[in-house]
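Enquirer: Sequence first, predicted model second:
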Amino acid sequence: MLRKLYFSLFNGKSFAHSYIKNGQLLKPTVTPSLHRLSSSDSKSSSNKSNLDVPKKAVVGYAVSDAAIGRKKVRTIDIVSMKEKGKRIKCLTCYDYTFASILERTNVDIVLVGDSAGHVMQGKSNTLSVTLDHIKYHVECVAGAIKRPLLVADMPFMSFGPSLEVSCANVATLVAAGAEAVKIEGASEVLCKQIEFLVASGVPVMGHIGLQPQAVHSYGGFRIQGKNEKALNRLLQQAKDLENAGCFSMVIELTEPSVAAQITKSVKIPTISIGAGNSCDGNILVIQDMLGMNIGFKPKFLKTFANLEEDIRNAVNRYCEEVDNGTSEPI
């Protein structure tokens, strides 16, 4: 049955991956075809940029000098960043327009998150997000993202009910363009399925701390790891995910001291959202970071722009010029 699952996962094709066991990188044994650049492509363009981006602004977007010429980010690069002490920069994205901008930045990982339930659907939690929703957003984002690693969330109940269901759903997102998947939780059942996926060639990012898909069991969005028992549970979950082969993990909404201890206890990178700056990297929802979500201001959120006001002012100027008959420059 496992052999059948292995081949059905990718319609009979084998994919390379960065197999990570106990924090150790093992050399891939098959051609790296999971990512967009094949091994032959990388050889033929060894002296060229892997980015299909000109050195001047493209369609009005400024191209970061640091992004030009940088190679494709892969899971092995993410793991090595922790080893080298380089911080990992991650943002969520749900559409082609924002993805086109992120492609021209220095971000390392782009996550198509089930936070789309909040941002794109206006819901109070992520539980309404389906596999079809994530697939749609992955297809949109994959149209623009070439250099950053593209990770897709496994939405509520799309992973875990059975190995067959999990593999089929993961295969759907990989076929849509995901280069890795993120899975919430670290139960024994989940870790066994994660280990199978990793061995089958699918890079997996773990997720511990607050797990939004289990929000009702927490009684709301509450900080995790507040006592010794909770800390020890999180430390064990982190180690279990590492042993299952995850290449990294998100730590969400824990005490910063807890996240720091977890980060020191594992060899794979940790990525914080609301868990402080002691992790190996940080992730934010791009609309939150840009100040676009009205009224959403958690303590951990730092905004780097105020686009809500800028957009509102621009729309009002447009409306004024339409009223004046001057909106088109012809």
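Expert: Noted; the coordinates are in hand. Residues are numbered from 1 along each chain as shown.

Enquirer: secondary structure class for the spatially most central residue of the chain?
Expert: The chain has L111 as the residue nearest its centroid, 2.6 Å off, counting by C-alpha atoms, centre = their mean. Secondary structure state of L111, per DSSP: H, G, I helix; E, B strand; the rest coil, is strand.

Enquirer: In the stretch 201-330 of the chain, mark out all the helices, start to finish.
Expert: Using DSSP state H, counting those that start in this stretch, the helices found in the stretch 201-330 of the chain span residues 215-218, 228-244, 256-265, 286-289, 307-324.

Enquirer: ok, residues contacting the fourth one?
Expert: Outside helix 286-289, the residues within contact range by C-beta atoms under 8 Å, 6 or more residues apart in numbering are 91-93, 98, 102, 119, 293, 296, 301-305. (C-beta placed from N, C-alpha, C; glycine too.)

Enquirer: Okay, now the unreliable bits of the protein?
Expert: 1-69, 214, 216-221 (pLDDT under 70).

Enquirer: Ok, which of the helices of the stretch 201-330 of the chain comes nearest S162?
Expert: Nearest to S162, of all these, is helix 228-244, at 17.2 Å by C-beta to C-beta.

Enquirer: and the closest one, what other elements does it pack with?
Expert: Contacts defined by 3 or more C-beta pairs under 8 Å, 6 or more residues apart in numbering; DSSP states H and E place helix 228-244 against helix 188-200, strand 204-209, strand 248-252, helix 256-265.

Enquirer: who does the longest one touch, helix- and strand-wise?
Expert: The one in question is helix 188-200. Packing partners of helix 188-200 (3+ C-beta pairs under 8 Å, 6+ apart): helix 2-9, strand 19-21, helix 163-176, strand 204-209, helix 228-244.

Enquirer: Likewise for the shortest one?
Expert: Applying 3+ C-beta pairs under 8 Å, 6+ apart, one finds that strand 248-252 contacts helix 75-84, strand 204-209, helix 228-244, helix 256-265, strand 270-273.

Enquirer: Check the last one too.
Expert: Here helix 256-265 touches helix 228-244, strand 248-252, strand 270-273, going by 3+ C-beta pairs under 8 Å, 6+ apart.

Enquirer: if you set the cut-off to 7 Å instead, what comes out?
Expert: Secondary-structure packing of helix 256-265 (3 or more C-beta pairs under 7 Å, 6 or more residues apart in numbering; DSSP states H and E): helix 228-244, strand 270-273.

Enquirer: ranking the ones you listed by burial, who's on top?
Expert: With neighbours taken as mean count of other C-beta atoms under 10 Å, these reach their highest mean count in strand 270-273, at a mean of 27.

Enquirer: Which elements pack onto that strand?
Expert: So strand 270-273, by 3+ C-beta pairs under 7 Å, 6+ apart, packs with strand 248-252, helix 256-265, strand 281-285.

Enquirer: Mind putting those into JSON lines with distance to V141 and mean neighbour count?
Expert: Below are the helices and strands packed on strand 270-273 laid out as JSON lines (distance: least, C-beta to C-beta, whole Å; neighbours: other C-beta atoms under 10 Å):
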{"stretch": "strand 248-252", "distance to V141": "18", "mean neighbour count": "28"}
{"stretch": "helix 256-265", "distance to V141": "27", "mean neighbour count": "19"}
{"stretch": "strand 281-285", "distance to V141": "14", "mean neighbour count": "22"}
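
Enquirer: Indicate which one of these is closest to I134.
Expert: The nearest among the helices and strands packed on strand 270-273, by C-beta to C-beta, is strand 281-285 at 14.9 Å.

Enquirer: got TSV for the helices and strands packed on helix 228-244, with distance to N277 too?
Expert: TSV is the format used below for the helices and strands packed on helix 228-244 (distance: least, C-beta to C-beta, whole Å):
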stretch	distance to N277
helix 188-200	27
strand 204-209	15
strand 248-252	12
helix 256-265	7
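
Enquirer: can you tell me which of those comes nearest to A152?
Expert: Closest approach to A152 among these (C-beta to C-beta): strand 204-209, 9.6 Å.

Enquirer: Can you show me the CA trace of the closest one as CSV?
Expert: What follows is strand 204-209 as a C-alpha-only set of coordinates in CSV (Å, rounded to 0.1, in the frame of the first residue of the first chain):
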residue,chain,number,x,y,z
VAL,A,204,7.4,19.9,5.5
MET,A,205,7.3,22.9,7.8
GLY,A,206,5.9,22.3,11.2
HIS,A,207,3.8,24.6,13.4
ILE,A,208,3.6,24.6,17.2
GLY,A,209,2.5,27.0,19.9
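
Enquirer: How about residues contacting it?
Expert: Strand 204-209 has contacts (C-beta atoms under 7 Å, 6 or more residues apart in numbering) with 151, 180-184, 186, 194, 197-198, 224-225, 234, 237-238, 241, 245-254, 275.

Enquirer: could you give the angle of it to helix 163-176?
Expert: 110 degrees (axes from the mean of the first three to the mean of the last three C-alpha atoms, to 10 degrees).

Enquirer: Direction included, what does strand 204-209 pair up with?
Expert: According to DSSP bridges, strand 204-209 has the following sheet partners: strand 180-182 (parallel), strand 248-252 (parallel).

Enquirer: of all those, which lies closest to S265?
Expert: strand 248-252 (11.4 Å).
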